[in-house]
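>>> Here is a sequence with its predicted model. Questions after.
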Number of protein chains: 4
Amino acid sequence: MVVVMEERASEDQIQRVIAQLVDWGFDVHRSTGALRTVLGAVGGAQQSDPRLIELLDGVQEVVRITEPYKLASRTFKPENTVVVIGDLRVGGDEVIVMAGPCSAESEAQVEATAAAVRRAGAKVLRGGAFKPRSSPYSFQGLGEAGLQMLRSAADRQGMKLVSEVMDINQIELVARYADILQVGARNMQNFTLLRELGRTRKPVLLKRGISATIEEWLLSAEYLLAGGNADIILCERGIRTFESYTRNTLDLCAIPVVQKLSHLPIVVDPSHGTGRRDKVAPMARAAVAAGADGLIIEVHCDPDHAKSDGAQSLFPTDFDHLMAELRIIAPAIGRSICLEPVARRGWGV
Amino acid sequence: MVVVMEERASEDQIQRVIAQLVDWGFDVHRSTGALRTVLGAVGGAQQSDPRLIELLDGVQEVVRITEPYKLASRTFKPENTVVVIGDLRVGGDEVIVMAGPCSAESEAQVEATAAAVRRAGAKVLRGGAFKPRSSPYSFQGLGEAGLQMLRSAADRQGMKLVSEVMDINQIELVARYADILQVGARNMQNFTLLRELGRTRKPVLLKRGISATIEEWLLSAEYLLAGGNADIILCERGIRTFESYTRNTLDLCAIPVVQKLSHLPIVVDPSHGTGRRDKVAPMARAAVAAGADGLIIEVHCDPDHAKSDGAQSLFPTDFDHLMAELRIIAPAIGRSICLEPVARRGWGV
Amino acid sequence: MVVVMEERASEDQIQRVIAQLVDWGFDVHRSTGALRTVLGAVGGAQQSDPRLIELLDGVQEVVRITEPYKLASRTFKPENTVVVIGDLRVGGDEVIVMAGPCSAESEAQVEATAAAVRRAGAKVLRGGAFKPRSSPYSFQGLGEAGLQMLRSAADRQGMKLVSEVMDINQIELVARYADILQVGARNMQNFTLLRELGRTRKPVLLKRGISATIEEWLLSAEYLLAGGNADIILCERGIRTFESYTRNTLDLCAIPVVQKLSHLPIVVDPSHGTGRRDKVAPMARAAVAAGADGLIIEVHCDPDHAKSDGAQSLFPTDFDHLMAELRIIAPAIGRSICLEPVARRGWGV
Amino acid sequence: MVVVMEERASEDQIQRVIAQLVDWGFDVHRSTGALRTVLGAVGGAQQSDPRLIELLDGVQEVVRITEPYKLASRTFKPENTVVVIGDLRVGGDEVIVMAGPCSAESEAQVEATAAAVRRAGAKVLRGGAFKPRSSPYSFQGLGEAGLQMLRSAADRQGMKLVSEVMDINQIELVARYADILQVGARNMQNFTLLRELGRTRKPVLLKRGISATIEEWLLSAEYLLAGGNADIILCERGIRTFESYTRNTLDLCAIPVVQKLSHLPIVVDPSHGTGRRDKVAPMARAAVAAGADGLIIEVHCDPDHAKSDGAQSLFPTDFDHLMAELRIIAPAIGRSICLEPVARRGWGV
């Protein structure tokens, strides 16, 4: 930590600060300039609260000089992490598209949607069985029956499956069906859940909380990594700002920022990030152009009758069209995106 | 819901919207003005997603006309809710002060702090046994041992106890010791936890999430009320804004807003709301002047050596001084605040 | 406006609201449902303040049903506006790139930078002569001398010139040199300036304020249009949010939102939107992929010695590389971007 | 500035940074710890852009160690500034209340409102003659005629007058009538206006911009102080956040923060800070309890027919009631508030 003293700080005040830092185990380096003194403190207990120094007399500002996360940082691991799930590689050259309904509603709906997104080039099926809803009166998901439908559809289509875990008590159940366990935005700082997921050996897709800074998001990833789970995929899905025309403000600049700070792959969810079907395609294209490692998109075979989030779900034909656009964009930054549409290779035939 | 059609909307487009609303069970009232048509839709399924109408051709805007919460609203229950815990009444004429350490660290620390805050007029002891920390490397609390220390101190001082529950698996344990179960800001939308707490018969103190709108906060209260738990206390503790000088921006206007929309009592946490010891007293005074039903304040017998949040904890003497100021302010709005300091009545002797 | 009455509203309260609306000249349509009454008010004075109705007893909510802007809306003018400046068309099929230094510093610096960006495909030279700086001690620009340098360089390179006007007293001067007058983010609601610019016949590039909603931005465009100036280009340049890693959060979703609400062209400024050189290219690519009509980018022939904003200025070679990427992306959405680089056509030879 | 190098930074990278800092005139102090090197740079050109260092290889973070303002800081002037205007002292023991209509509409309206607020204890009349309105179609104020009405009413009531200046061309005119020149929130970074007002010798009331950090606000005050005008009063009036129930979020914690960082007096505007009449009194009380040096409140003799901002204007009787509450609160923090109501002293008789 670096402590900047006020111009008028007395020698006594400076000594008081040094004493406290030494007490915490820091090595203190003192620089005295014409106007003020700056103290550099290295080593020391990682969790010392800089605010306590800030409250001492004569202190102007205290600056933390290490990121509070370690395993998630590029300093710790300079090369990109690629999360490997069978033949799927998230974080490699290919931009991975995950798509499917907000929630599993019926065998037919899951199957029709899965087939449609697979045909267009999606490699991971998304779908929820437990829905966190802000109102207690909303549809709350089909539970295990939903997971079974999703798993069967994924298997028939040769896809991987990502599905949300809302609670530690659901981990075992969801892990039995899904290939990737999703942590929703509202649970990004549910530390009990994170700690438990750190102990599983399934990849985790960690959504950014709507008011989480990038640092807090990486700290939550640190909880997972610290538990021994190395397969973490970050997911930007919009932050809350004063602009209320869209549900959230998709922070696409988080892509290059995360790629500088961390080695973990990052995907983007333009469906929750905008909340409106007609804004999904522009933001999906923008995410790929900005360098995202993947997308997770809500598609429904009949959005007008969806039990949840129909307004932000794409029709299958919109999704086809979007995938064609993405195939043009990805090469601009040296990426590919399921270059040969599956249909042409005879899938599902 | 009210649907405002575009000026150029065709009769076909209008009929398409009406058909959808009728399909959802709404009664539709049509008003056609010189420039545009407005459709009023009443009745209908509560959970119909207005965004689906918004996506139809010819629609300019859709406005929801009922709050999505019901039991929490003043429309449903016009008179104030008073949460009664033994001889304590939260939401009545008296402003209730809850105070104590961020977390229980030792028998001596809990006892010294409890005695000090009781002497100054606090009626509820606050203190954590399980600490949700954004870093996995921080102090995580003493667990049940901490709860035992807090309970003994509260009993010795004749105080009630409020303590945080982080997970459904902790409910039973914490409820065995505490009088009020606290839901932290990060758990405000942990719906599994809310649903379970709705089934207990202990009062719940529900903190506002740092990026939660007042409506979302009341919806979370609705989860608790819908489960049958009527004793809910709301707690404003600061929201996240662009201003970073303080940790959060305490939204004191939430006090009169909540008091208009809901019958539930509301208290304020100026410690987390500011994050700095020297800002706690001004914001505590402001909260009482704005009409808060209570305060929850971090006080530590030795803040410089606190294991967590020492920087925002008051020294006991600061707390004494603050209570004296509050006793002058409360009567300005017809409230009292533990008018006769306990020490004079011979408490703890 | 639509007035939603509370469930318990009395007939007297309803009549009081109707009386006020009729007094303001509205036609009132009443819909009474099982639970509540909704009043639709059409016609009436445009500037009636809905908040006054909201304060009446028995009123739950008031909803404005017309956008407060008119000339800027797509309802008023369904087809896209193309701003034509000589052979340049902003808002047409071609994505227009504006580039150049933050501020004019010297003849040599302006010339070198202009030549470099022209060679890479930029068609408009950007550069400031008057700099609005948040500190009174910062470099404030070269004034008219700077404008002369920029104009000569633009002429030599066959480019148009965009430059900022900070005050009504500068309009005449800047208009003598520049082809497009820029209104900075801090002046987006300087209504005196907007009114005066509405009377000029030069195109205006209107930057979004860092805390302006899209509606407020379009209202500021309305000031310009209402004065008779039809050639308005909107410019998204980032909004202020809680995330402080980047200087601002670039709101790329504003592109499709504006394109739905308004007929005006929209360009994006990824330099101010991110504040850091290494984030400019990803956000520039994303903006084009999202459908922007153009870009405005800071490039400097020697960023490390720039007098202002060097940290967010691209090196000419970075800019070349970016333009090559953009030429791959633009066709994905049916746009082009100066397809034949100028150098190949022998410019500047 | 303090430069924190990455753990893996090479000696070459460190030397490159040192060279750049020395080139800018800094004295560089190097501290090398076990893990990383920290460079303290003192002296040097004040306007060096730390972001340029941040972009160098091997640099992890750069921290500025001086506030960018000087004259506005408490370091520069430790004792409180009291702005003296005749017998009025803003920033002294007395809490000064400024009140009056949003805008002057007629002789009768101004007179009736002025008499009412004077009777209740206000010492400064507020009122606008030029109104900055976000829509070009709204009432724009009476201009000089309005100023004349306000000045006569203030004189008759023995009050001072504060009125807004929107543009440098209005300064001379408004200064002829008003005792305090107000800079509106939208003009907080209109540097041309600030520079000119710095040259006048009238006190200036500087409102905080809705998205301005406290640092930016103090930098704007610095523009005024740097011009030689020492009589600056700061005014908190709400910031823009995600919460949309109230027009803005009043940041009352800005009061103690500003009082720590600066010597300038700070007043609060609860009318614009909330936008709704029924929230004004709670926030006015809270502001005084938090330590504000004054209040500026919109009061109208007939709010329901006000030409602007009627919804946030108090009725005179509400204002009376509020003043009585404030007289109880102010002594809690050792302040007074026009203790003897004017009527009792025979004013205006």
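Thanks, I have the structure now.
>>> Residue numbers of chain A in contact with chain D?
Within chain A, the residues that sit near chain D (C-beta under 8 Å from any C-beta of the partner chain) are A:2, A:4, A:6-8, A:27, A:29, A:31, A:33-36, A:38, A:40, A:42-43, A:60-61, A:63, A:65-66, A:75, A:240-242, A:244. The way it works is simple: take the backbone N, C-alpha and C, and place the C-beta from them, glycine included.
>>> In strands, which of those appear?
With strands identified by DSSP state E, the entries of these that belong to them are A:Val2, A:Val4, A:Asp27, A:His29, A:Ser31, A:Val38, A:Gly40, A:Val42, A:Gly43, A:Gln60, A:Glu61, A:Val63.
>>> Of the residues you listed, which is the nearest to chain B?
Distance to chain B, by C-beta to the nearest C-beta, is smallest for A:Glu61 among those, at 10.9 Å.
>>> coming back round to it: can you turn the buried subset of the residues of chain A next to chain D into a selection I can paste into PyMOL?
Per 16 or more other C-beta atoms under 10 Å in any protein chain shown, the buried members of the residues of chain A next to chain D correspond to this PyMOL selection:
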select buried, chain A and resi 2+4+6+29+31+33+36+38+40+42+60+61+63+65+66+75+240+241+242
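>>> Which ones among the residues of chain A next to chain D also lie next to chain C?
When C-beta under 8 Å from any C-beta is taken as the criterion, the members of the residues of chain A next to chain D that contact chain C are A:Thr241, A:Phe242, A:Ser244.
>>> would you list every one of the strands in chain A?
Taking DSSP E as the criterion, chain A carries its strands at A:2-5, A:26-32, A:37-43, A:59-63, A:83-85, A:88-90, A:96-100, A:124-126, A:160-164, A:180-183, A:204-207, A:232-236, A:266-268, A:294-298.
>>> Which one, of those, ends up nearest to A:Arg277?
With respect to A:Arg277, and counting by C-beta to C-beta, the nearest of these is strand A:294-298 at 8.8 Å.
>>> does that closest one come close to chain B?
No. Applying C-beta under 8 Å from any C-beta, one finds strand A:294-298 out of contact with chain B, separated by at least 12.6 Å.
>>> which strands and helices sit next to that strand?
strand A:96-100, strand A:124-126, strand A:266-268, helix A:270-274, helix A:277-290, helix A:316-329 (3 or more C-beta pairs under 8 Å, 6 or more residues apart in numbering or on different chains; DSSP states H and E).
>>> Widest-spaced pair of the ones in strands among the residues of chain A next to chain D?
Greatest spatial distance among these (C-beta to C-beta): A:Gly43 and A:Gln60, at 22.8 Å.
>>> So, low pLDDT: which residues of chain A?
Low-confidence regions of chain A, defined here as pLDDT under 70, cover residues A:33-34, A:44-47, A:65-67, A:133-135, A:137-139, A:339-349.
>>> let's see 80
Within chain A, the segments meeting pLDDT under 80 span A:29, A:31-36, A:40, A:42-49, A:63-68, A:131-140, A:308, A:310, A:338-349.
>>> Report the residue ranges of every domain in it.
Taking automatic domain parsing as the reference, chain A has its domains at A:2-63, A:83-345.
>>> and the shortest one, how far apart are its ends?
This points to domain A:2-63. Using C-alpha to C-alpha, to the nearest Å, the gap from the first to the last residue of domain A:2-63 comes to 5 Å.
>>> From the chain's centre, how far out is that domain? Work that out for me.
Its chain's C-alpha centre lies 36 Å from the corresponding centre of domain A:2-63 when counted by C-alpha atoms, centre = their mean, to the nearest Å.
>>> Same check on the last one?
Taking C-alpha atoms, centre = their mean, one finds the center of domain A:83-345 at 9 Å from the center of the full chain.
>>> before we move on, back to that, mind giving me TSV with the domains of chain A and columns for distance to C:Val258?
What follows is the domains of chain A, written out as TSV (distance: least, C-beta to C-beta, whole Å):
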stretch	distance to C:Val258
domain A:2-63	39
domain A:83-345	10
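>>> For the stretch 101-250 of chain A, which residues are neighbours of chain C?
Taking C-beta under 8 Å from any C-beta as the measure of proximity, the stretch 101-250 of chain A contacts chain C at A:211, A:213-215, A:239, A:241-246, A:249-250.
>>> If any of these are buried, give me the ChimeraX selection for them.
When burial is assessed using 16+ other C-beta under 10 Å, the buried subset of these is captured in ChimeraX by this command:
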select /A:211,213,214,239,241,242,243,245,246,249,250
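>>> for the residues of the stretch 101-250 of chain A next to chain C, which one is nearest chain B?
Nearest to chain B among these, counting by C-beta to the nearest C-beta, is A:Ser211 at 3.1 Å.
>>> For A:Ile232, list each beta-bridge partner.
With beta bridges defined as DSSP bridges, A:Ile232 has these partners: A:Val204.
>>> measure it to C:Phe26 for me?
A:Ile232 sits at a distance of 57 Å from C:Phe26 (criterion: C-beta to C-beta, to the nearest Å).
>>> Looking at those two, which is more packed in?
A side-by-side neighbour count of A:Ile232 and C:Phe26, using other C-beta atoms under 10 Å in any protein chain shown, places A:Ile232 first with 27 against 21.
>>> pretty sure the more buried one is touching A:Pro203, no?
Yes. Here A:Ile232 lies in contact with A:Pro203, judged by C-beta atoms under 8 Å, at a distance of 7.3 Å.
>>> which residues are in contact with both of the two?
Taking C-beta atoms under 8 Å, 6 or more residues apart in numbering or on different chains as the contact rule, A:Ile232 and A:Pro203 both touch A:Val83.
>>> who touches the spatially closest residue to A:Ala306 that is not a sequence neighbour in this structure?
Nearest non-adjacent residue to A:Ala306, counting by C-beta to C-beta, 6 or more residues apart in numbering or on different chains: A:His300, 4.8 Å away. Each residue near A:His300 by C-beta under 8 Å, 6+ apart is listed here: A:Pro101, A:Cys102, A:Gln109, A:Thr113, A:Ala306, A:Gly310, A:Ser313, A:Leu314, A:Phe315.
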